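Compute the structure for the input listed below.
(one chain, ligands or ions: 1)
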Amino acid sequence: EKGTYPHFMLKEIDEQPFVIRKIIQEYQDKNDTIKLDNDIRKAMQKADRIYIIAAGTSYHAGLVGKQFIERLANIPVEVHIASEFSYNMPLLSENPLFIFISQSGETADSRSVLVQTKALGHPALTLTNVPGSTLSREADYTLHLHAGPEIAVASTKAYTAQIAVLAILAVDSARAKGINLSFDPLQELAIVSSAMETLTDQKEEFERIAKDMFETTRNAFFIGRGVDYFVVQEAALKLKEISYIQAEGFAGGELKHGTIALIEDGTPVIAISTQENVNLSIRGNVQEVAARGANTCVVSMKGFENDSDQFVLPQVHELLTPLVSVIPMQLLAYYAALHRDCDVDKPRNLAKSVTVE
Ligand code: M6R
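Predicted coordinates for the structure are as follows:
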C-alpha cells in the first residue's frame, strides 16, 4: 500500500535507507562478518570469469557490480544485456559463473540466457527481489535483495539493493580468496544508509531543480566518467521512462566525438562528479557545454565540491557512491514526470516485468 504517499515510486525512493539497513542485517552474522551460503562462496571461488546478465536498470547495477568484483575479488567480469547475449555470444572461459540480476526474476530475455547456459552445463546465481521467481528457481543459487515489493514500474530501491548485495558478494569472495581488504562493506553501507536519509529529506531541492531543468524541455543529457558514467545511464533511463523526455547518459569524454553537436541554448545537461580522479575532467566537460548555452547542473560529492554546484552529496566510500548519487537522479525523474502530468507509477507502453522476449 502507498500509505500517505501520492505514488509508489516516491515511497520506494524513500524506503532505500531502510532497505540498505535490512540488507546489512540479513547479510551479517553474529561476529559481524558476512553471512553467505557456502555453496555461493565456493561457486565464486571456482569461477575464472563471471558473466553478468541483466536488462534495464538491473543491467546498470551490473555495471557497478563488475567494478566491485574485479577490483575487490580480482575476478574478471563481463556484463551483458540479456537480449543481446545470444547474438554476441562471448567466448566463454573454462569455468564461467553466470550471475543473473533481476528485480522480478521473471524477465524473459534473462531467462532465455539462463536456459542456454544451463544447457551448456554452466553454474548460475540469481540476484532477485522475488525468491520464488522463475530465475531464482531455475538457477543453482539465489541471493535475495530484501528490498520488499517494488510496485512502481520505474525501478529504484531494487537498483540500490542490487548494488549493495553485489558489494557484499564481492568482498566475501575477496576474503574467501585470502585477499586482505580495508573496505568493510557492512560498515560502509551503514554510512550510506544515513547519507541516503539526508538526501530523501531534501526533496524540495530536487523538485526545484527538476522544475528548472525539465519542465518544458524535449531532451536532456546526463554526463559522468568512471562509475558516474554508469549512474548517468540509469539517470537517463529513469527520466525517459516516466517523463517521456528524450534523455541520454554519456561518458563525459565522448561528448566531443559527436554528441556535443546537439547542445543548444537551454539544453539541460546534468553532470555527476563523485570521484577524485574524474572531478576535473568532468567539470571541463560541463564548461564546454555551458559555453554552448547548455543549462547545466552539477551534482558533486563533499570533498570535491565547487561553490557553483547545484547539489553536494554527503561523502560515502568511493566504491559506493552510486548508492547515493542515484537518489537525486530518481527524485529529478520523479518530479519531472509529476510536473509534466505523466502517470508516474504506470508509464505508457511499459510493464513492471517484461515476460516476453
Ligand atoms: O525485473 P528485472 O530487474 O529483470 O527488470 C529489468 C528491466 O525490465 C527493468 O529494470 C526496467 O528497465 C525498469 N522499468 C527500469 O526502471
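
and Glu264, what helix or strand is that in?
Assigned by DSSP states H and E, Glu264 belongs to neither a helix nor a strand.

May I have the residues that are in contact with it?
292-293 (CB atoms under 8 Å, 6 or more residues apart in numbering). Any C-beta I mention is one placed from the backbone N, CA and C, and that applies to glycine too.

What does it show for phi and psi?
phi -130, psi -180 (degrees, to the nearest 10).

Roughly how far does it sit from Thr217?
According to CB to CB, to the nearest Å, Glu264 and Thr217 sit 11 Å apart.

Would you agree Phe222 falls within a strand?
Yes - counting by DSSP: H, G, I helix; E, B strand; the rest coil, Phe222 falls inside a strand.

Contacts only, for it.
Per CB under 8 Å, 6+ apart, neighbours of Phe222: 232-233, 235-236, 239, 247-250, 269-272, 329.

Let's see that with 6 Å instead.
For Phe222, the contacting residues are 232, 235-236, 249, 270, by CB atoms under 6 Å, 6 or more residues apart in numbering.

The closest residue to the ligand within the chain: neighbour count?
Proximity of the chain to the ligand (CB to the nearest ligand atom) peaks at Gly56, 1.9 Å away. Residue neighbour count, defined by other CB atoms under 10 Å, stands at 21 for Gly56.

Helix, strand, or coil at Gly266?
Strictly by three-state DSSP, Gly266 counts as coil.

do you know how far it is from Leu332?
Gly266 is 17 Å from Leu332, by CB to CB.

These two: which has the busier surroundings?
Higher neighbour count among Gly266 and Leu332: Leu332, with 27 against 11, using other CB under 10 Å.

ok, the nearest residue to Leu120 once chain neighbours are set aside - how many residues close by?
Nearest residue to Leu120 in three dimensions, chain neighbours excluded: Leu92, at 7.7 Å (CB to CB, 6 or more residues apart in numbering). Neighbour count for Leu92, taken as other CB under 10 Å: 14.

Would you point out which residue is most central in this structure?
Ala61 (3.7 Å; CA atoms, centre = their mean).

so how far is the helix or strand where it lies off the chain centroid?
Here Ala61 sits within helix 56-73, counting by DSSP H and E. Helix 56-73 sits 8 Å away from the centroid of its parent chain (CA atoms, centre = their mean, to the nearest Å).

What lies in contact with it?
By CB under 6 Å, 6+ apart, helix 56-73 touches 52, 54, 75, 77, 79, 81, 101-102, 155, 159, 162-163, 166-167, 170-171, 173-174, 230, 233-234, 322.

Only the C-alpha atoms, please, for that helix, written as CSV.
Only the C-alpha atoms of helix 56-73 are listed here, as CSV (Å, rounded to 0.1, in the frame of the first residue of the first chain):
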residue,chain,number,x,y,z
GLY,A,56,17.4,-2.2,-18.0
THR,A,57,18.1,-0.9,-14.5
SER,A,58,19.4,-4.3,-13.4
TYR,A,59,22.0,-4.1,-16.2
HIS,A,60,23.1,-0.7,-14.9
ALA,A,61,23.5,-2.2,-11.4
GLY,A,62,25.6,-5.0,-13.1
LEU,A,63,28.0,-2.4,-14.5
VAL,A,64,28.7,-1.2,-11.0
GLY,A,65,28.9,-4.7,-9.7
LYS,A,66,31.6,-5.5,-12.3
GLN,A,67,33.8,-2.9,-10.7
PHE,A,68,33.4,-4.4,-7.2
ILE,A,69,34.1,-7.9,-8.3
GLU,A,70,37.1,-7.0,-10.4
ARG,A,71,38.6,-4.5,-8.1
LEU,A,72,38.0,-6.3,-4.8
ALA,A,73,37.9,-10.0,-5.7
